[in-house]
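Novice: Please work out how this folds:
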Amino acid sequence: MKTLVADSRINYVAFTGSVAGGKAVAEAAATGNGFKGVALELGGKDAAYVRSDADLSKTVGALVDGKPMFTSVIEAEILSFYVQLGAVM
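Specialist: From the prediction side, this is the model:
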């Protein structure tokens with residue numbers, strides 16, 4: 001991971017995960033040449049990722065249905081949606 005993030009051909013890194021993972025990404029990004037944009041979403045922000053090969057006509061409904069889900073024991077909600085460029089309806 002450090003080699004990939006520090007590579008001079010990479011100019012922006014987005015990471016969602018643990019605080020320890022985010023720290024490693026930030027440190028690796030700082031070791032490369034020049035300035036590298038970094039976006040860190042740390043500590044369980046409940047993101048949903050949609051790949052570019054996903055069929056959005058099927059995926060969007062599933063994501064919307066899954067957004068609010070509450071029970072007396074578990075509270076879960078998708079707070080962020082990330083859609084890779086190239087996803088089509």
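
Novice: Nearest residue to the middle of this protein?
Specialist: Taking C-alpha atoms, centre = their mean, the centroid of the chain lies closest to Thr16, which sits 4.6 Å from it.

Novice: Quick check, that residue in contact with Gly43.
Specialist: No - if you go by C-beta atoms under 8 Å, Thr16 and Gly43 don't touch, sitting 9.6 Å apart. C-beta here means a position set from N, CA and C on the backbone, and glycine is covered the same way.

Novice: show me what contacts Val13?
Specialist: Val5, Val25, Ala29, Lys36, Gly37, Val38, Ala39 (C-beta atoms under 8 Å, 6 or more residues apart in numbering).

Novice: just Val25 next, same as before
Specialist: The neighbourhood of Val25, defined by C-beta under 8 Å, 6+ apart, consists of Met1, Val5, Val13, Phe15, Val38, Leu40.

Novice: Could you dump these into CSV with secondary structure added?
Specialist: Formatted as CSV, these follow (DSSP: H, G, I helix; E, B strand; the rest coil):
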residue, secondary structure
Met1, coil
Val5, helix
Val13, strand
Phe15, strand
Val38, strand
Leu40, strand
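
Novice: Could you pick out the buried ones from those?
Specialist: Val5, Val13, Phe15, Val38, Leu40 (16 or more other C-beta atoms under 10 Å).

Novice: Residues in a beta bridge with the fourth one, which ones?
Specialist: When bridges are called by DSSP bridges, Val38 pairs up with Val13.

Novice: Show me the domain layout of this structure.
Specialist: Here the domain assignment for the chain is 2-42, 47-83, based on automatic domain parsing.

Novice: Show the average pLDDT along the shortest one.
Specialist: When the per-residue pLDDT values of domain 47-83 are averaged, the result is 72.
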